[in-house]
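Participant: here's a sequence, model it:
(one chain, ligands or ions: 1)
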Amino acid sequence: MSVTQIKNYIGGELHEPGSGDYLDNVNPAIGQVYSQVPNSHIDDIDAAVDAAEAAFSKWARKSQAERSTILRRVADLVDRDRDRLVTAESDDNGKPLRLARAVDIPRVAANIRFYAGIAEGFSSESYAMPRGINYVLRQPLGVVGIISPWNLPLYLLSWKIAPALAMGNCVIAKPSEITPMTAYLFSELCIEAGMPPGVLNIVHGSGATTGDAMLTHPGIKAISFTGGTQTGEHIARTVAPQFKKFSLELGGKNPIVIFEDCEYEKMMETTLQSSFANQGQICLCGSRVLVERSMYERFVDDFVERSRKMRVGDPHEQSSDLGAVVSQPHQQKILGCIETAKQEGGQLHCGGGPAEPGGRCADGFFVQPTVFTGLATDSQTNQQEIFGPVVTIQPFDDEKHAAELANSTKYGLAASVWTSDIGRGHRMAEWIDSGVVWVNCWMIRDLRTPFGGMKASGLGREGGMESLRFFTEPKNVCVKY
Ligand code: NDP
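Facilitator: Alright, predicted model coming up:
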């Protein structure tokens, strides 16, 4: 098998890392190295920051329409190359092709067009006063850093790159070293679209080497990060004393709260998705299913029966509901969490081990959809993010008890509530501590809405105007006349 060598995108060109240092990149569905990714060092980050600083004043001074036009050209090329990007995302991450085709890659183009559009309509506040006026100038920050995870690789990277560029910043972006391929293909599309050199730089490498070099670089004025809570803590500790602006989108342990009066079929179908979509590796997946006691047994029976029927298989096959998890270490981590759940006294209803689809995927890293009951609220399994196809089910007695269980972890990213009682839906939304609450749905994303987590799930919000505000510095100008 030929091994592609990924390159950094710096100053409008594709470059090898200065050190010549590369890391292997594995296709997790087949368990084989299929590309190599630069492990960039500080000199590569220096070069990217120099290129971005050189490009900044010209990019920031372009009209909004000019910047948005370039972004839309990139989105058009993403649409043109959709099939290639879909296959690359699936091969890099292990996700089913049909998920990458339905969600990941269309969302990349949608993210870019959305921010190109709302930046054109962006306005800032003004406050009239007797014989005077205050107005708020929102200026780009300069060179900003973007660090993103492996679960929705290009989707999450574009969600940050687009608003930063639309508002006139220049960007140094580091995708996860585990899933670098679509970001590399994206850099080729940016060159083709005529993105001015240095405006966007994509520098590949590990968190410890490349990521850390970004955090401490004096030329990088802000860090927008999506990833795990522990990495988020490290980032906060490192960048806060430098007074850099930062935003953190972190982990979750999301509750799905189900009342007996819900629309059962719709709830069941959606809860299967919220549990196992992308092999449970979406920060918004519901990993704690809380069910009203009066329907608990019926729910457990039905949910387990349907979970057993979910097909774990080759991501390229249309019939696969779940593909591979992202890597062998991650598969081992998930299997370790399953062992912990057993030791904690959990009752295993289905799954509980690796899946073996055979054929082309005989050496791949797969995990069966796994369901536990009988675990204490304060068990490790109910407290720690697993980020795999593993869910627990717990019964609750009433609304207060449901809210108490929902709020019983350190996280607060997302929650779903299923009920036909509209008042109850609103009450639960008020009581649950999380950045997003869905009532009778899951993962519906209106790009205009604020997105982010409470507690250990993050700091700050992205989405819509929130992202445009993050990537600008507000300056109040007071004029007397
Ligand atoms: P990590 O925190 O391990 O990594 C995220 C990114 O940070 C990667 O690019 C990683 O690089 C980089 N990184 C790691 N260490 C450092 C460091 N010391 N300095 C700078 N950068 C660093 O998360 P995962 O990639 O494992 O992603 C899964 C996590 O992301 C889950 O916890 C999930 O909940 C969370 N997530 C949150 C979302 C949200 O919106 N709240 C959305 C999606 C995921 P590398 O991998 O190359 O080493």
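Participant: now Val74. Nearest residue, chain neighbours left out?
Facilitator: With Cβ to Cβ, 6 or more residues apart in numbering as the measure, Ala193 is the residue that lies nearest to Val74, at 4.5 Å, once sequence neighbours are left out. (Glycine included, C-beta is placed from N, CA and C.)
Participant: was I right to think the one you found contacts Ile70?
Facilitator: Yes: because the distance of 6.3 Å satisfies Cβ atoms under 8 Å, Ala193 is recorded as touching Ile70.
Participant: and the two? Which one has more around it.
Facilitator: Taking other Cβ atoms under 10 Å, Ala193 and Ile70 do not tie; Ile70 has more neighbours (20 against 17).
Participant: show me what contacts the more buried one?
Facilitator: Contact partners of Ile70, counting by Cβ atoms under 8 Å, 6 or more residues apart in numbering, are 193-196.
Participant: now rank those residues by neighbours and give me the top one.
Facilitator: Each of the contacts of Ile70 was scored for neighbours by other Cβ under 10 Å, and Met195 scores highest at 21 neighbours.
Participant: in this structure it contacts Gly12, no?
Facilitator: Yes: with contact defined as Cβ under 8 Å, Met195 reaches Gly12; the gap is 7.2 Å.
Participant: what are the boundaries of the helices in the stretch 301-450 of the chain?
Facilitator: Using DSSP state H, counting those that start in this stretch, the helices assigned to the stretch 301-450 of the chain run over residues 328-343, 380-383, 399-406, 422-431.
Participant: can you say which of the ones you listed is nearest to the ligand?
Facilitator: Closest to the ligand of the helices of the stretch 301-450 of the chain is helix 328-343 (Cβ to the nearest ligand atom; 7.7 Å).
Participant: other residues contacting the closest one?
Facilitator: With contacts defined as Cβ under 8 Å, 6+ apart, helix 328-343 is touched by 26, 28, 31, 325, 348, 351-354, 365-367, 370, 372, 375, 379-381, 384, 386-390, 392.
Participant: same question for stretch 48-65.
Facilitator: Counting by Cβ under 8 Å, 6+ apart, residues outside stretch 48-65 touching it are 8, 10-12, 67, 119-120, 122, 139-140, 142-143, 165-166, 168-172, 196-199, 201, 203, 217, 219-220.
Participant: ramachandran angles for the residue lying closest to Asp21 once chain neighbours are set aside?
Facilitator: Beyond its immediate neighbours in the sequence, the residue positioned closest to Asp21 (Cβ to Cβ, 6+ apart) is Asn39, lying 4.4 Å away. When quoted as degrees, to the nearest 10, the phi and psi of Asn39 stand at phi -100, psi 90.
Participant: all strands of the stretch 351-481 of the chain, in order?
Facilitator: Taking DSSP state E, counting those that start in this stretch to define them, one finds strands in the stretch 351-481 of the chain at 370-373, 390-396, 411-412, 414-418, 436-439, 454-455, 458-459, 472-480.
Participant: what residues does the stretch 251-400 of the chain have near the ligand?
Facilitator: Within the stretch 251-400 of the chain, the positions adjacent to the ligand are 251-252, 283, 385, 387 by Cβ under 6 Å from any ligand atom.
Participant: looking at neighbours, which among these is most surrounded?
Facilitator: Most neighbours among those, by other Cβ under 10 Å: Gly252, with 29 neighbours.
Participant: hmm, that one is touching Phe387, no?
Facilitator: No: Gly252 is not in contact with Phe387 according to Cβ under 8 Å; the separation is 9.1 Å.
Participant: walk me through the domains of the chain.
Facilitator: Under automatic domain parsing, the residue ranges defining each domain of the chain are 4-250+457-480, 254-447.
Participant: still on that earlier bit, which of the helices of the stretch 301-450 of the chain sits closest to Thr209?
Facilitator: helix 328-343 (17.4 Å; Cβ to Cβ).
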